[in-house]
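Novice: Following is a predicted model, sequence given first.
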Amino acid sequence: MAKLLIVAITHTVILALYVFTIYCTFSVLKLPNFDKQQNNFNVGQLKFLTVWNVIAQTLFFFTSLLNDIFGTNSNIPKKMPFIRRYKDFYHASVGFPVAIFVGLTFWGLMFVDRELVLPKALDLYFPRWLNHLMHSMIMVTTILEMLMVPRQYPKRSQGLGVLTGFMLIYLSWMHFVYYMNGIWAYPVIEILTWPFRIIFYLALLMFAAGLYYVGELLDQLIWGEYLILLQSIIDYQSMS
């Protein structure tokens, strides 16, 4: 009981942090328009995958809190409620891989050349603490979630399908925003020619898929003894 209470409190605190991050993103963070074309179709921070991920993580931890209240976090539940199955699927297919993808690619490009993702000129408008909430906290919270409770991973075709769909939808959105205002969300895209862009996109999709497998492996290493029992419960429910 004490562990379940700790999990619920942790989810509440994390959810509050993400809600605060979203508030700051849309109400406090005001990035300048470096090109007047942007005003013709200005979607603000919604053009960034980082913001999509923050919203996705907020929805995930809201779902986790609903599961704390109406579902179960038991390692070996007598019955797997829908909210728990949905939460597990969400974390496996989007929550973990997208959070780690955003964090690693952002900080990796920052290490290589920060002008590719966050030009130094934006430091006056983008507080360092908010940067860490959006690009560091996301990795900490998703790994913490993996350590707190086990999850039943979906079939790889389903999990990877949802992850790939999410990434392709964002890529389509990014290109639509560029078509409307002539501005790329990330400077690194602008310096690449189309052949190299395609290669870059394919490499990123493969990297995201690889992170899905990493999440599955970590989950098995941490919760292996419980996953077999969880699967037997799900199989029994599907047969009954």
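Specialist: Here it is on my side, so go on.
Novice: How many residues are close by Thr105?
Specialist: Thr105: 19 surrounding residues under other CB atoms under 10 Å. Where C-beta positions appear, they are placed from N, C-alpha and C, glycine not excepted.
Novice: so which helix or strand takes in it?
Specialist: Thr105 belongs to helix 96-113 when assigned by DSSP states H and E.
Novice: roughly how far out does that helix sit from the chain middle?
Specialist: Distance of helix 96-113 from the chain centroid (CA atoms, centre = their mean, to the nearest Å) equals 11 Å.
Novice: Following element in sequence after that helix, please.
Specialist: Beyond helix 96-113 toward the C-terminal end (DSSP H and E), the next one is helix 128-135.
Novice: circling back: average pLDDT for the helix holding Thr105?
Specialist: Per-residue pLDDT values over helix 96-113 give a mean of 96.
Novice: Does anything pack onto that helix? Which helices or strands?
Specialist: helix 49-70, helix 128-135, helix 137-148, helix 156-181, helix 194-239 (3 or more CB pairs under 8 Å, 6 or more residues apart in numbering; DSSP states H and E).
Novice: can you give me the offset of the third one from its chain's centre?
Specialist: Once both centres are worked out by CA atoms, centre = their mean, helix 137-148 turns out to sit 11 Å from its chain's centre.
Novice: can you tell me the average pLDDT over stretch 172-184?
Specialist: The model assigns stretch 172-184 a mean pLDDT of 91.
Novice: repeat for stretch 130-144
Specialist: Mean predicted confidence for stretch 130-144 is 97.
Novice: Name the residues of it that come out as buried.
Specialist: Leu130, Asn131, Leu133, Met134, His135, Met137, Ile138, Met139, Thr141, Thr142 (16 or more other CB atoms under 10 Å).
Novice: Output those in a markdown table, with distance to Gly95 appended to each entry.
Specialist: Formatted as a markdown table, the buried residues of stretch 130-144 follow (distance: CB to CB, whole Å):
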| residue | distance to Gly95 |
| --- | --- |
| Leu130 | 21 |
| Asn131 | 21 |
| Leu133 | 17 |
| Met134 | 16 |
| His135 | 16 |
| Met137 | 14 |
| Ile138 | 10 |
| Met139 | 11 |
| Thr141 | 9 |
| Thr142 | 6 |
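Novice: now for the helices and strands packed on helix 96-113, which one comes closest to Gly103?
Specialist: With CB to CB as the measure, helix 137-148 is the member of the helices and strands packed on helix 96-113 nearest Gly103 (4.1 Å).
Novice: number of nearby residues for Ile9?
Specialist: The burial count for Ile9: 11, using other CB under 10 Å.
Novice: Now it: which helix or strand?
Specialist: Going by DSSP H and E, Ile9 is in helix 2-23.
Novice: who touches that helix?
Specialist: With contact meaning CB atoms under 8 Å, 6 or more residues apart in numbering, helix 2-23 is reached by 54-55, 57-58, 61-62, 64-65, 68-69, 73-74, 130, 133-134, 137, 141, 144, 148-149.
Novice: ok, 7 Å please
Specialist: The contact list for helix 2-23 (CB atoms under 7 Å, 6 or more residues apart in numbering) reads 54-55, 57-58, 61-62, 64-65, 68, 73, 133-134, 137, 141, 148-149.
Novice: Ok, stretch 48-66 next?
Specialist: Stretch 48-66 is contacted by residues 11-12, 14-15, 18-19, 21-22, 25, 45, 83, 86-87, 90-91, 94-95, 98-99, 102, 106, 134-135, 138, 141, 170, 185 when judged by CB under 7 Å, 6+ apart.
Novice: ok, back up a step: now, which of the buried residues of stretch 130-144 sits nearest Val177?
Specialist: Once CB to CB is applied, the member of these that ends up nearest Val177 is Met134, at 18.7 Å.
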